[in-house]
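>>> Provide a 3D model corresponding to the input given below.
(2 chains)
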Amino acid sequence: MISQAVPPTSIYLPYLAELLRVESIAEREKLFEFKLSHGKELGHKPGQFVEISLFGIGEMPISISSSPTRKGSFELAVRAVGNVTNALHRLSKGATVGIRGPFGNGFPVDNLKGKDIVIVAGGIGLFPLRSLINYILDKRSEFGRLIILSGSRTPQERMFVNELEKWHKREDVELLETVDEGDEEWTGHVGVVTTLSSEVHIDPEKIFAVVVGPPVMYKFVVAECHKKGIPDERIIMSLERRMKCGIGKCGHCQINGVYVCQEGPVFTYAEVKKLREAI
Amino acid sequence: MENKIIEKQNMAPFVDNLINAEAEVIGPKRKDGKYAFDKLIETGELCLDYDTTLLPPKMYLFPPKETLIKFELGKEPKVEPVAEAKPLILFGVHPYDIKAIELLDVAFSTTNPDINYLSKREKAVIIGVDCLNPNPNAFCPSLGTATAETGFDLMLTDIGDSYVVAIGSSKGEQLLTKYAETREASQAELAQRNSERQKALARYKVTLNISPEELPQLLGKSWDSPWWKEKSEKCLSCGSCIVVCPTCFCFDVQDDIALNLKEGERYRQWDGCMLADFAAVAGEGNFRGDKESRFRHRMYRKGKYIWERYEKLGCVGCGRCASACLAEIASPAETFNKLKEESK
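Residues are numbered from 1 along each chain as shown, chains lettered A, B, ... in the order given. Below you'll find the predicted structure:
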């Protein structure tokens, strides 16, 4: 009668992971480096997420910020906004957390191979995109141009400043940055991320756009992509939802009939535009 | 399928034998003028001619609150999975609730098998009973859920002085052999069962003016209907409809910690898309922040999304939501009929 036998173990049981390092990124954001206690790799793809447990506080879906090409540990960049994330921010090196996952589909790296890629990051959208950027950099010859457009609200809210500087210096990366509001010290571009578009010249035949940012950003970026001639199938985005289970049961992440934790969180715009309430 | 007869005077001993010998027996009992599934202490409490129960028997397979893991804090936290299950006999389950359990079986076993549900399900015996006195809000015949051919171990039908018992599994057959006095069913008695089922069909008061197979397509083109806003304005966002639903399986996950701040547990509890913060994310975002979108999402799950994913309808027509809803907006039949009318 039931189509599957009782499984040997619980899909809700987290593995333990040790916190190796904490680094401050910005006022409300920190980077956490973890190693799974069983010694194995997390085995993720760029764009996937984990459920992180702070036992007694709760569990949260967090995108993975490190590239799987960098072995031995993995990194999560987290903004402190709720109970679990604030508790995570209070942890220091040596603490133990629970990890389930990796979950979700991740960025379609195989489809991106040989293509030019323009990455559009809004605010902490850079957190999941950093995994993809470092993946591409570690396999640089397998990809075409790498253009990164990064937008922050203010100069203080720029994420991964050291890495941005590093990418800036590389000849095989075209990085353009902007802030919504500048200050006395900021000499760079001012304006929302779409205002960088006029400075970018692309070959629409061989480019993929990968876009992650606050929901409000997507429709403006998609409009710019369309202006540049990038078709919907090659506009890729990662959607935020509060996945409580990560395994397609609890229903919290559902957009229409789609479970974002299963079919997503990465979608092409061709898929997203068929969904209502998606962005 | 093999059929037997249990004379009515032999039903009480059968149930008593089950209560005494086999496992915890859960059945419909009277409760404040309505009916509720509960543990049977004695046969006399069992009401097999009920209309519907307040809550579906789902609660014994997917409890309102259930521990998923236990943990002990410390330098090296200890974590262990919890999946409690004990032998259970669900006695007197109506066909629509059996159909709902068949959906849950698929939902909890597909892709990522859920040990908490499946271990309970494996230990549960389902003894069904045909619903001959339907609740006034039910519309099972329109969805093909008024009777069930699968999903049970035994299925009873009241034919007057006796029950016809259809045997659905070897587990059911063993229980019957061991604990009940039965005899072979005659052709006349089987004909009588058909006749009782036919008579019951005529007692349903609500009809769907569309076949269930057409629902996904109808909903597919009804997204922008004014109905969603118009009807949902009265919604109290109380979640009564999702709590009483036999097919709803969404949940929330929370941690609890003991007063010693050392031991704790992670549990899941029923949650659902009609509650205001169900689709909320960190910060201030809520992807279904208004009543209209939540109301529509629930109806789409019932008639489209679940069907497209699991090839089973997300509604079995039991009418519990319509009975529980204070704002009188929850009946899927009303919405589906309205949309059908609009689409003409």
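
>>> Go ahead and confirm B:A180 touches B:N10.
Yes: in this structure B:A180 lies within contact range of B:N10 using Cβ atoms under 8 Å: 6.6 Å. C-betas here are computed from N, CA, C, even on glycine.

>>> quick one: which of those two has more around it?
B:A180 (20 against 16; other Cβ atoms under 10 Å in any protein chain shown).

>>> Spatially nearest residue to the more buried one (excluding sequence neighbours)?
Nearest residue to B:A180, sequence neighbours excluded (Cβ to Cβ, 6 or more residues apart in numbering or on different chains): B:F14, at 4.1 Å.

>>> Am I right that that neighbour is in a helix?
Yes: B:F14: assigned to a helix according to DSSP: H, G, I helix; E, B strand; the rest coil.

>>> in terms of contact, does it touch B:Y179 like I think?
Yes: the pair B:F14 / B:Y179 is scored as a contact, 5.6 Å apart, by Cβ under 8 Å.

>>> Looking only at neighbour counts, state which of those two leads.
Using other Cβ under 10 Å, the more surrounded residue of B:F14 and B:Y179 is B:F14, with 22 against 17.

>>> for the more buried one, what are its contacts?
B:I6, B:Y179, B:A180, B:E181 (Cβ atoms under 8 Å, 6 or more residues apart in numbering or on different chains).

>>> Cross those residues against helices and list the overlap.
B:Y179 (DSSP state H).

>>> Check which residues of stretch A:23-30 are buried.
Residues of stretch A:23-30 classed as buried by neighbour count (16 or more other Cβ atoms under 10 Å in any protein chain shown): A:I25, A:A26, A:E29, A:K30.

>>> Next one: the second one from chain B, what distance?
By that I understand A:A26. Distance of A:A26 to chain B, given as Cβ to the nearest Cβ, to the nearest Å: 15 Å.

>>> hey, what's that residue bridged with?
Assessed by DSSP bridges, A:A26 has beta-bridge partners A:E29.

>>> Please enumerate the strands of the stretch 1-150 of chain A.
A:15-26, A:29-36, A:49-54, A:58-63, A:74-79, A:96-103, A:116-122, A:146-152 (DSSP state E, counting those that start in this stretch).

>>> need those in a markdown table with mean pLDDT and distance to B:Y300, can you?
As requested, the strands of the stretch 1-150 of chain A are arranged in a markdown table below (pLDDT from 0 to 100; distance: least, Cβ to Cβ, whole Å):
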| stretch | mean pLDDT | distance to B:Y300 |
| --- | --- | --- |
| strand A:15-26 | 96 | 36 |
| strand A:29-36 | 97 | 36 |
| strand A:49-54 | 97 | 25 |
| strand A:58-63 | 96 | 24 |
| strand A:74-79 | 98 | 32 |
| strand A:96-103 | 96 | 24 |
| strand A:116-122 | 97 | 30 |
| strand A:146-152 | 97 | 35 |
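
>>> Turn these into JSON lines, columns for distance to A:V272.
Below are the strands of the stretch 1-150 of chain A laid out as JSON lines (distance: least, Cβ to Cβ, whole Å):
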{"stretch": "strand A:15-26", "distance to A:V272": "28"}
{"stretch": "strand A:29-36", "distance to A:V272": "26"}
{"stretch": "strand A:49-54", "distance to A:V272": "18"}
{"stretch": "strand A:58-63", "distance to A:V272": "17"}
{"stretch": "strand A:74-79", "distance to A:V272": "23"}
{"stretch": "strand A:96-103", "distance to A:V272": "19"}
{"stretch": "strand A:116-122", "distance to A:V272": "15"}
{"stretch": "strand A:146-152", "distance to A:V272": "19"}
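
>>> if we compare those strands, which one ends up closest to B:L55?
For the strands of the stretch 1-150 of chain A, proximity to B:L55 was assessed by Cβ to Cβ; strand A:58-63 is nearest, at 27.1 Å.

>>> near chain B, anything from that closest one?
Yes: judged by Cβ under 8 Å from any Cβ of the partner chain, strand A:58-63 comes into contact with chain B at A:G58, A:E59.

>>> And for that strand, what's in contact with it?
A:14, A:47-53, A:76, A:78, A:82-85, A:98, A:100, A:103, A:127-128, A:131, A:238, A:241-244, A:246, A:261, A:265, B:253-255, B:266.

>>> Direction included, what does it pair up with?
By DSSP bridges, strand A:58-63 pairs with strand A:49-54 (antiparallel).

>>> Distance from the chain centre to the partner strand, please.
14 Å (Cα atoms, centre = their mean, to the nearest Å).

>>> Repeat that for stretch B:170-180.
For stretch B:170-180, the distance to the chain centre is 24 Å (Cα atoms, centre = their mean).

>>> Check stretch B:172-184 too.
For stretch B:172-184, the distance to the chain centre is 26 Å (Cα atoms, centre = their mean).

>>> In the stretch 51-200 of chain A, what residue comes closest to chain B?
Residue nearest to chain B within the stretch 51-200 of chain A (Cβ to the nearest Cβ): A:G56, separated by 4.0 Å.

>>> OK, contacts around the residue nearest to that residue when sequence neighbours are not counted?
Residue nearest to A:G56 in three dimensions, not counting chain neighbours: B:I257, with 4.0 Å by Cβ to Cβ, 6+ apart. Contact analysis of B:I257 by Cβ under 8 Å, 6+ apart lists A:G56, B:L73, B:E263, B:G264.

>>> pretty sure the third one contacts B:F71?
Yes: when contacts are counted by Cβ under 8 Å, B:E263 is listed as touching B:F71 (7.3 Å).

>>> Name the helix or strand for B:P28, please.
Here B:P28, judged by DSSP states H and E, is contained in strand B:24-31.

>>> just to revisit the earlier point, B:E263 and B:F71: which has the busier surroundings?
B:F71 (21 against 16).

>>> Run through the bridge partners of the more buried one.
Assigned bridge partners for B:F71, using DSSP bridges, are B:V79, B:G264.

>>> Same check on B:L88?
B:E24, B:A124.

>>> OK, contacts around it?
Counted by Cβ under 8 Å, 6+ apart, B:L88 has contacts B:A23, B:E24, B:I26, B:Y60, B:K120, B:K123, B:A124, B:V125.
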